[in-house]
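Okay, here's the prediction I keep looking at, along with the sequence it came from:
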Amino acid sequence: MRTAIATVCLSGTLEDKLDACAAAGFDGVEIFENDLIASPSRPEDVAARCADLGLSIDLYQPFRDADLVTDDRFADTLRRAGHKFALMERLGARLLLVCSNVATATIDDDDLAAEQLSALGDAATGHGIRLAYEALAWGRYVNDYRRAHRIVELAGHPAVGTCLDSFHILSRGHDPAAIAGFDPERIFFLQLADAPALGMDVLSWSRHHRVFPGEGDLPVVALFDAVVASGYAGPVSLEIFNDVFRQSETRRTAVAGLRSLIALADTTAGHRAAATRTPGAGDVRPDRVGLTALPAVTPPTALGFAEVKTSGNDHLERVLRQLGFGYVGTHQSKPVTLWQQGDARIVINAQDAASADPLISALGVDVRRPIDAADRAHRLLAEAVPRTQRVDEEALTAVRAPDGTEIFFCQSGTAPAWAAEFHHDGRSEGEHPGLGIRRIDHVNLVQPWQHIDEARLFYPSALGLTRWPTLDVAGPTGLVQSQVMSSDDASVRVVLNVNPRVGGDAPSASRPEHIALACDDIVLAARAACAAGIVLLPIPQNYYDDLQARFGLDEKTVAQLRELNVCYDRDEHGEFLHFYTETIGELYLEVLERRGDYRGFGAADAPVRMAAQFALSRAPAAAT
Ligand SMILES: O=C(O)c1ccc(O)c(O)c1
Ligand SMILES: [Mg+2]
């Protein structure tokens, strides 16, 4: 598959952008006029730089307000186009994107549009240039790709074709299926962009909120499927206008872009393979785009461990003991300890720890074929985590998630072989009857705001998790944007939170992450933890009064929850009971019991928890 990316997707100068596109591994670029105009490089120098970098210039854009105008205005269209064609010759660009008219069109007539595009095509031909006509979603008359394509067919000019842009098509809810029937030789260019589902005008949505394919909510795969089915054989290009990308690290964004195309090609290859197996589906036209399938993702079966990095935190160890965790041992060659209860394993790692504040640094994800999972992640351009181990130790493979968390691929279905590298050093231990904790239910990771879009694609594509709709949770210092990802059988759940940006007027709060542990009986667990002296997060009385109103629980049940600081939620599938420990640095633990088939996370309780944590974080200051 020939890949390309528009320079508008990236931050930096034109030169930075080109370097980043090449470093990421793109085959070509779309050069945005504004980037060229602002560059000190002559067009010939830009052409030479692209050639040196091995990048083709697949498109120059945009050329605006060309069509459906009066004769006077059209004379000016031709004059402007003459300058662009001369410039493009210096640049070595052979395809110009012509946007459907937004501002100056006054005549609503397909024949006129075809006539004017033909005349423009005649002028372009003399320069060896072709034109790709794109229906902008907010075009004055032409704002539907089917109409733009009809005009191209009417023009019947060898230098005039269609540019398909997934955003303009899907943002208006247009069905992309008709693309499959287009003459592929008439499709001159393909631009792909996704976007989150937002209820706003299409222009602002397009100019600020586009994201890479797979990071948003539009059915880009269905559109791409139709393009491949048409027999299109040209480049597949990314065109993203995004406020965050414009201020993010150039090279990193370019890599995230290429990853999105690799993932899209894999998903689409999978669809096509499934379609050929469907009886009666008819012939699937050959793929001329050149899709590459990756090693199949096998859904993970468990979170086998969570690793916490700290230079040494007695408080954390005390809380783990109070929750009934047993100390398994210390690693034979590293300053790392293992704590366990049921299948819940917590690794405390002092290696290279910057501070005593515990932070979630790694997750063990159990998969059926760890080697394939790691291979897939690497082919999705995930960064490998360098790791040293002795020859007699388990060779574990890990990749870095977008927030830096290390994801270890571990063998599912067996006791972890790596655990044998931990040896009990005979330190005196109290009794550990346990609290009935069985496993890690989920982890909650704080995400840097500029990397959440990348994370939305990483977990589904590399680990086979499914994205839930995002949720805004109101806390005392701002809104937390919460994104749940889970495996289909819900055995692996990860919650990604983007916190309010610091630097506002609101007093700063701690922004803790957490590990949630599933137990058999929340009341027994809470009582045992309290008997062991644990400090739980205090939940206000108003919460319990409201519980009674919301759910009609009996007095006795509510009194028990109130006494133990246990929160409660219920849906049509079951019930959810949970308590939180106090915060240790930037970490807390949650213990929960799921009853029936409750699949959520007690979202209604999160604002109450955040308010309680905020109040406590301020308490020491108030006392001084
Ligand atoms: O927002 C715009 O004007 C614009 C310009 C060129 C494009 O290819 C496009 O999709 C949008
Ligand atoms: Mg476009």
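That came in fine, so what should we check first? Ligands and ions are numbered 1, 2, ... in the order given.

distance of the residue of the stretch 201-350 of the chain found nearest ligand 2 from Pro196?
Closest residue of the stretch 201-350 of the chain to ligand 2, C-beta to the ion: Glu239 (4.7 Å). In short, each C-beta sits where N, CA and C put it, glycine included. To Pro196, Glu239 is 17 Å away according to C-beta to C-beta, to the nearest Å.

Ok, Val236 next?
Distance from Val236 to Pro196, counting by C-beta to C-beta: 21 Å.

of the two, who's got more company?
In this view Val236 and Pro196 are compared by other C-beta atoms under 10 Å, and Val236 has more residues nearby, 26 against 16.

Now do the phi/psi pair for that one.
With angles defined as degrees, to the nearest 10, Val236 sits at phi -110, psi 110.

wait, isn't it in contact with Gly290?
No - the criterion here is C-beta atoms under 8 Å, and Val236 misses it with Gly290 at 9.3 Å.

what do those two both touch?
1-2 (C-beta atoms under 8 Å, 6 or more residues apart in numbering).

nearest residue to the residue of the stretch 501-624 of the chain found nearest ligand 2 other than its sequence neighbours?
Closest approach between the stretch 501-624 of the chain and ligand 2, counting by C-beta to the ion: Arg501, at 30.0 Å. Closest residue to Arg501 apart from its sequence neighbours, by C-beta to C-beta, 6 or more residues apart in numbering: Trp449 at 6.3 Å.

Now do the same contact list for whichever residue of the chain sits closest to ligand 2.
The chain approaches ligand 2 most closely through Asp165 (3.5 Å), counting by C-beta to the ion. Taking C-beta under 8 Å, 6+ apart, we find Asp165 in contact with 134, 145, 191-193, 239.

among those residues, which are in strands?
134, 191-192 (DSSP state E).

can you narrow those to ones near ligand 2?
Gln191 (C-beta under 5 Å from the ion).

Who wins on neighbours among the ones in strands among the contacts of Asp165?
Highest neighbour count within those, by other C-beta under 10 Å: Leu192, with 28 neighbours.

neighbouring contacts of the worst-scoring helix or strand of the chain on mean pLDDT?
The least trusted helix or strand in the chain, going by mean pLDDT, DSSP states H and E, turns out to be helix 606-623, with a mean of 82. Contact with helix 606-623 is made by 473-477, 480, 482, 507, 509-510, 512, 537-540, 543, 567, 580, 582-583, 588, as judged by C-beta under 8 Å, 6+ apart.

ok, now with 10 Å
444, 471, 473-478, 480, 482, 495, 497, 499, 506-512, 514, 535, 537-540, 542-543, 546, 565, 567, 578-580, 582-583, 588, 590, 602 (C-beta atoms under 10 Å, 6 or more residues apart in numbering).

Could you check how far Ser41 is from Met200?
37 Å.

I meant Glu33, not that one.
Look at Glu33 and Met200: by C-beta to C-beta, they are 26 Å apart.

Neighbour count for these two, which is higher?
A direct count of neighbours by other C-beta under 10 Å for Glu33 and Met200 places Glu33 higher, at 17 against 10.

what residue ranges in the stretch 401-550 of the chain score low on pLDDT?
Judged by pLDDT under 70, the stretch 401-550 of the chain has its weakly predicted residues at 427-432, 502-510.

and if we set it to 90?
Regions of the stretch 401-550 of the chain meeting the criterion pLDDT under 90 cover residues 413-417, 424-433, 476-478, 499-512.

Helices of that one, residue ranges please.
Using DSSP state H, counting those that start in this stretch, the helices found in the stretch 401-550 of the chain span residues 452-463, 522-531, 541-551.

and the contacts of Asp165 as a markdown table, adding distance to ligand 1 and pLDDT?
Listed next are these as a markdown table, based on distance: C-beta to the nearest ligand atom, whole Å; pLDDT from 0 to 100:
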| residue | distance to ligand 1 | pLDDT |
| --- | --- | --- |
| Glu134 | 5 | 98 |
| Tyr145 | 11 | 98 |
| Gln191 | 6 | 99 |
| Leu192 | 11 | 98 |
| Ala193 | 8 | 98 |
| Glu239 | 6 | 98 |
